[in-house]
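>>> got a predicted structure plus its sequence, pasted below:
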Amino acid sequence: MLRGTLLYLSEQPTARSLFGGPLAKPLVRRFVAGERLAETMDAVRAINAAGMSASLDNLGESVASAADANAATAEYIGILHAIERAGADANASVKLTQLGLDIDAALAQRNIRRILAQAEQFGTFIRLDMEGSAYTDVTLQIHRDLWQRHKNVGVVIQSYLFRSEADVRAINALGARVRLCKGAYKEPASVAFPAKKDVDDNFVKLMQLLLSEGTYPGIATHDERMITATREHAARHGIASDRFEFQMLYGIRRDLQEQLVREGYRVRIYTPYGTAWYPYLMRRMAERPANMMFVLGGVLKEGRL
Ligand SMILES: Cc1cc2nc3c(=O)[nH]c(=O)nc-3n(C[C@H](O)[C@H](O)[C@H](O)COP(=O)(O)OP(=O)(O)OC[C@H]3O[C@@H](n4cnc5c(N)ncnc54)[C@H](O)[C@@H]3O)c2cc1C
């Protein structure tokens, strides 16, 4: 119920003035690596020093103009140059709506091709984040088109969607890389499992398909039961720890991130930066409403309630 309300608010820009702004400062500091790319690269260096890789995300989605989509594209090309200059162990994650998908699919395709061409020159990988179910088909279609020419592009599959098993099998057949996550958007019961247990069971099933038949999957979760299931499947089938990676979000379960590194697993940290943090943070609160206490704690400390 609270999850649904928070996800609804994540899509309402007008609610930003209520939940966003200074009230959210403690959450922003916890979940967002910086406002600008330069300071974010310091966070990436620290992540690398801790034995983990990063995936940089310039916060922003569903831009309203071609100019904004082109500016986001330029920012991503800047990210690739910054990774190259720093010699960082990092790649980038991007949302197609940030590159203009809601305006014109051809615009988003031109922009992602520019990013991929630059990434190819630097030997870097680009992940297409997965957004709400209205974008699943078009995102997978664009990914398939890109795959004809570019092999440095991967996509994301969400275990809450009924369709995902068929999508995983199709992408495994292509040989492309998948990040598996549970899914962060508000979805109707016509397309997604309403019960968490079913989402989790499907996650385990898709993880097994990806580990056994896929290409270097990213298992993106903070759920210890999902992580244990992954380790057990890998051990049972002799799948070496360099054939997949765990992925977690910046600021979440640092203890678990470090423990996995100590145990010899690959861990990549999704590292968002920028000022357009409102929908991203609302989704993080929806995943764990206890995060609201950070906001409320901050408000109380600053005497604003
Ligand atoms: C690297 C990465 C990339 C992602 N990319 C996408 C994407 O492209 N598209 C998409 O729809 N979703 C994406 N997600 C979000 C994902 O779909 C889930 O919403 C999110 O990861 C929470 O699910 P969980 O697997 O951690 O399990 P849950 O069952 O939600 O949580 C398990 C435990 O993890 C911890 N935890 C989980 N979330 C939080 C949080 N916000 N704050 C604090 N603790 C938390 C808690 O201890 C919780 O009990 C991504 C997640 C990760 C880690």
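In hand now; what should we look at?

>>> and whichever helix or strand residue 257 is part of, what does it pack onto?
Residue 257 belongs to helix 254-262 when assigned by DSSP states H and E. Contacts defined by 3 or more CB pairs under 8 Å, 6 or more residues apart in numbering; DSSP states H and E place helix 254-262 against helix 224-236, strand 245-249, strand 267-273. Using the backbone N, CA and C atoms, a C-beta is placed for each residue, glycine as well.

>>> so residue 56 sits in a helix?
No. Residue 56 is assigned strand when assessed by DSSP: H, G, I helix; E, B strand; the rest coil, not a helix.

>>> enumerate every residue touching the nearest residue to residue 265 once chain neighbours are set aside.
Computed as CB to CB, 6 or more residues apart in numbering, the closest residue to residue 265 that is not its neighbour in sequence is residue 241, at 5.2 Å. Going by CB atoms under 8 Å, 6 or more residues apart in numbering, residue 241 touches 234, 264, 265, 266.

>>> what's the spacing between the helix holding residue 257 and its chain's center?
19 Å (CA atoms, centre = their mean, to the nearest Å).

>>> please apply the same query to stretch 37-54.
The chain centroid and the centroid of stretch 37-54 are separated by 16 Å, computed with CA atoms, centre = their mean.

>>> just stretch 124-133 next, same as before
Per CA atoms, centre = their mean, the centroid offset for stretch 124-133 relative to its chain is 7 Å.

>>> can you tell me if it touches the ligand.
Yes. Applying CB under 6 Å from any ligand atom, one finds stretch 124-133 touching the ligand at 129, 130.

>>> what comes into contact with that stretch?
55, 57, 61, 80, 83-84, 90-97, 112, 115-116, 119, 136, 139, 142-143, 152-158, 161, 177, 179, 181, 183, 185-187, 191-192, 218.

>>> next, count neighbours for whatever residue of the stretch 1-150 of the chain ends up closest to the ligand.
Using CB to the nearest ligand atom, the closest approach of the stretch 1-150 of the chain to the ligand is made by residue 129 at 3.6 Å. Residues near residue 129, counting by other CB atoms under 10 Å, number 21.

>>> nearest residue to it in space, please, no chain neighbours.
residue 95 is the one closest to residue 129 (CB to CB, 6+ apart), at 4.8 Å.

>>> can you give me phi and psi for the one you found?
phi -100, psi 130 (degrees, to the nearest 10).

>>> picking up where we left off before, of the contacts of residue 241, grab the buried ones for PyMOL.
In PyMOL syntax, the buried subset of the contacts of residue 241 is picked out as below (16 or more other CB atoms under 10 Å):
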select buried, resi 234+265+266
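
>>> and the contacts of residue 241, which is closest to residue 291?
residue 265 (25.7 Å; CB to CB).

>>> mind checking the SS state of the residue nearest to residue 35 when sequence neighbours are not counted?
Leaving aside its chain neighbours, residue 35 sits nearest to residue 275 (5.7 Å; criterion: CB to CB, 6+ apart). Classification of residue 275 by three-state DSSP places it in coil.

>>> need the residues of the stretch 101-250 of the chain near the ligand, please.
Near the ligand, when you scan the stretch 101-250 of the chain using CB under 6 Å from any ligand atom, you find 129-130, 156, 158, 181-185, 220-223, 247-249.

>>> just the buried subset of those residues, please.
Here, 16+ other CB under 10 Å leaves 129-130, 156, 158, 181-185, 220-222, 247-249 buried among these.

>>> can you pull up the most central residue in the chain?
residue 129 (5.5 Å; CA atoms, centre = their mean).

>>> many thanks, have a good one.
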